[in-house]
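Peer 1: Pasting a predicted model and its sequence here:
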Amino acid sequence: MHKLLITIDGPAGAGKTTASKRLSDRLGYRYIDTGALYRGVALEVKDRGINHNDDAALEKMCKSLNLKFVLNEKGTRLLSDGKDITDQIRTPEMSMLASAVSAKSIVRKRLLNIQQDMAREKGAVFEGRDMGTVVFPGADVKFFLDASVKTRALRRYKELEGKTSQTLEDVERDIRQRDENDSTRALAPLKPAPDAIRVDSTDLAIDDVVELMFGHITKVIG
Ligand code: DC
């Protein structure tokens, strides 16, 4: 069957990861979480003690960056220089640092190459912020998934519960800050591609979101 390249962009907590995973399972496609790559860069910045505003140090780090997704018995894992960093990158600190480093042109350039290389074979769902606008402007089906900030904060809070000491208010503050960073930066800001199908998940269960998206995809597959 004709394989597609599908993109899902949107802010934190909109449901992109769950929707992308379910769709890729259903279609037998690969699933690529590009936010994890920015988080991988953030962890590298932290571990190497780099100031993320030091462009020369960032450039040097980007040259030796070695991020790779592998599929093993635990699912899809992100390796940095062969070390599994999948769990380490899921902290509020890494979320904020990923958002900060993602505004840097050297980081975006390096990750652009990595992401486009991953799409040489179609049959993939890519989730992120600029998938449909910058990385894959020619994608076959593009979605922009959004939800109210309160709804997104509550979802993220439930995901983080027990893993951090953040209150719901802390989570909402961080989400608002990241929305602001990601959508106002000069390079590849978070925004819907003109040809993206916009889905608001505020009042939708994730199953309904997936059904709705799947309906659009099957129309394109024919
Ligand atoms: O999807 P996420 O929350 O894991 O992404 C972390 C940060 O990475 C996000 O705040 C902005 C950045 N990012 C980006 O700039 N472009 C992408 N395609 C994906 C993520």
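Peer 2: Great, that's in hand.
Peer 1: could you point out which element follows the strand or helix carrying V199?
Peer 2: Element membership for V199, per DSSP states H and E: strand 197-200. Where DSSP H and E defines the elements, the next helix or strand beyond strand 197-200 is helix 206-221.
Peer 1: What is that next one packed up against?
Peer 2: If you count contacts as 3 or more CB pairs under 8 Å, 6 or more residues apart in numbering; DSSP states H and E, helix 206-221 packs onto helix 16-27, strand 141-146, strand 197-200. Glycine gets a C-beta too; all of them are placed from N, C-alpha and C.
Peer 1: Direction included, what does the shortest one pair against?
Peer 2: It refers to strand 197-200. strand 141-146 (parallel) (DSSP bridges).
Peer 1: quick check: angle from the partner strand to helix 206-221?
Peer 2: 160 degrees (axes from the mean of the first three to the mean of the last three CA atoms, to 10 degrees).
Peer 1: CA-only coordinates of strand 141-146 in CSV, if you can.
Peer 2: The C-alpha coordinates for strand 141-146 follow below in CSV (Å, rounded to 0.1, in the frame of the first residue of the first chain):
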residue,chain,number,x,y,z
VAL,A,141,-1.0,14.7,5.7
LYS,A,142,-0.4,17.4,8.3
PHE,A,143,-2.2,17.9,11.6
PHE,A,144,-2.1,20.7,14.1
LEU,A,145,-3.3,19.5,17.4
ASP,A,146,-4.2,22.0,20.1
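Peer 1: quick one: contacts of it?
Peer 2: 4, 6-11, 14-16, 19, 131-132, 192-193, 195-201, 209, 213, 216-217, 220 (CB atoms under 8 Å, 6 or more residues apart in numbering).
Peer 1: tell me which residues of that strand are tucked away?
Peer 2: Buried residues in strand 141-146, counting neighbours by 16 or more other CB atoms under 10 Å, are found at V141, K142, F143, F144, L145, D146.
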